[in-house]
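[1] Okay, structure incoming, though there's no sequence with it:
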C-alpha cells in the first residue's frame with residue numbers, strides 16, 4: 001500500500017468520482033489513477049469503486065469507510081511534515097485562509113499586513129467562498145483555518161473560536177427618504193426594494209428572522225455574495241442595501257449614505273474554525289491572535305486539548 005494510492009483515491013472521491021478532474025489536480029493521467037486504485041483494491045481484497053465500463057459510478061459501502069480512513073492517514077502525514085517544518089524552518093511555510101468576501105475585503109487587510117511584517121517568509125493563500133464551502137476546505141485539509149459568520153457551527157470536525165460580534169447598516173443613495181427618519185424601523189425598510197446578501201452569506205438569516213418576528217415580508221429584489229456588488233446596485237437606485245457595517249466606508253463610498261440598523265437585527269458572531277485533526281504551526285497561532293487578540297496561544301491550545309476525538 002502506497003500513500004500515492006491513497007491520494008489518488010481521496011482526490012477521486014473529492015472530485016465526485018471524476019477521474020479527469022482528479023488527474024488534472026494531481027498532475028497525472030486518468031489511466032495512472034485508475035491503475036493505482038485497482039492495485040489498492042487488489043491488495044485490500046475488496047472493491048472500493050463501482051465501475052460501468054471505464055466510468056466510475058459510485059463508491060461501495062466498504063469503499064466509503066476506506067476513503068474516510070485514507071483521508072485520516074493523509075492528514076496525519078501532513079501533520080508529520082508540519083511538525084518537522086516547525087523545527088527546521090520556523091519562519092517559513094504556507095498559511096491557507098478560507099474566508100468570505102466581506103472578511104477578505106474589509107477585515108483581513110490590516111491583519112494580513114501585520115502578519116506579513118512578522119512572517120515575511122510565510123506564503124499566504126486566500127480562498128474565498130460561501131461559509132459552507134470554506135468550512136469544507138478546512139475539514140478536507142485544503143485550508144488551515146476558516147473565517148466566517150455562518151455555517152461553521154454545522155461542522156462537527158471543526159473547533160470554533162468566537163472572534164467578534166458585528167451588526168448591520170442600511171445603505172441608501174443621498175437624499176433618500178429614509179435619511180429623514182428620526183429612528184429607522186423595519187416597517188420603513190419594508191416599503192422599499194431591498195438588495196442584500198445571498199442567504200448562505202454574512203448573517204442573512206438574522207435579517208430574515210428580524211422581519212419574521214414582526215410579521216413582515218421584505219421585498220428582496222436582488223441578492224449577492226459581495227458587499228461591493230450590493231453597493232453598486234444601490235448607487236444605481238435599484239433598491240436600498242442591507243449589509244455589514246464593516247463593509248461601508250464613508251471615504252470610499254462617497255456616493256452613498258449609511259444608516260445604523262444595529263437596533264433592528266440580532267448581532268452576528270464571526271468565528272475562526274480549525275480542524276480537530278490538523279497540527280497547527282506556531283505562526284498560525286500568531287495569525288489567530290492578531291485577528292482576535294483575546295485568543296492567545298494558551299486559550300487556543302486549551303480548546304485543542306479539550307477536543308473530542
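    Happy to help now that I have it. If you're wondering where the values come from, they're calculated on a predicted model, not measured in any experiment. Residues are numbered from 1 along each chain as shown.
[2] Show me what secondary structure element comes after the helix or strand hosting residue 127.
    Using DSSP states H and E, residue 127 sits within strand 122-128. Remark: after strand 122-128, the chain's next helix or strand is helix 131-139, criterion DSSP H and E.
[3] How about residues contacting that next one?
    Contact partners of helix 131-139, identified using Cβ atoms under 8 Å, 6 or more residues apart in numbering, comprise 96, 98-100, 127-129, 143-152, 154-155, 157-158, 200-201, 273-275, 278. The way it works is simple: take the backbone N, C-alpha and C, and place the C-beta from them, glycine included.
[4] Now that helix: average pLDDT?
    The pLDDT scores in helix 131-139 average 89.
[5] Kindly report the same for stretch 46-53.
    88.
[6] again with stretch 185-194
    pLDDT averaged over stretch 185-194 gives 97.
[7] What's the end-to-end length of it?
    Distance between the two ends of stretch 185-194: 14 Å, counting by Cα to Cα, to the nearest Å.
[8] For the stretch 151-300 of the chain, which segments count as strands?
    All strands of the stretch 151-300 of the chain, identified by DSSP state E, counting those that start in this stretch, fall at 158-166, 168-172, 194-197, 220-224, 240-244, 257-260, 268-275.
[9] if we compare the ones you listed, which one ends up closest to residue 75?
    Closest to residue 75 of the strands of the stretch 151-300 of the chain, according to Cβ to Cβ: strand 268-275, at 7.8 Å.
[10] other SSEs contacting that closest one?
    Secondary-structure packing of strand 268-275 (3 or more Cβ pairs under 8 Å, 6 or more residues apart in numbering; DSSP states H and E): helix 131-139, strand 145-148, strand 158-166, helix 282-291.
[11] what does the third one rub up against?
    Contacts with strand 158-166, where a contact means Cβ under 8 Å, 6+ apart, come from 135, 138-139, 146-147, 149, 152-153, 203, 244-246, 267-276, 288, 291-292, 295, 300, 303-304, 307.
[12] any idea of the angle it forms with helix 282-291?
    Relative orientation of strand 158-166 versus helix 282-291 (axes from the mean of the first three to the mean of the last three Cα atoms, to 10 degrees): 30 degrees.
[13] Work out the gap between strand 158-166 and the centre of the chain.
    13 Å (Cα atoms, centre = their mean, to the nearest Å).
[14] Name the residue closest to the centre of this protein, please.
    The centre of the chain sits closest to residue 134, judged by Cα atoms, centre = their mean, with a distance of 2.6 Å.
[15] measure that one to residue 195 for me?
    For residue 134, the distance to residue 195 (Cβ to Cβ, to the nearest Å) stands at 23 Å.
[16] now residue 26
    From residue 26 over to residue 195 the distance is 41 Å, taken as Cβ to Cβ.
[17] same check, this time on residue 163
    Residue 163 is 27 Å from residue 195, by Cβ to Cβ.
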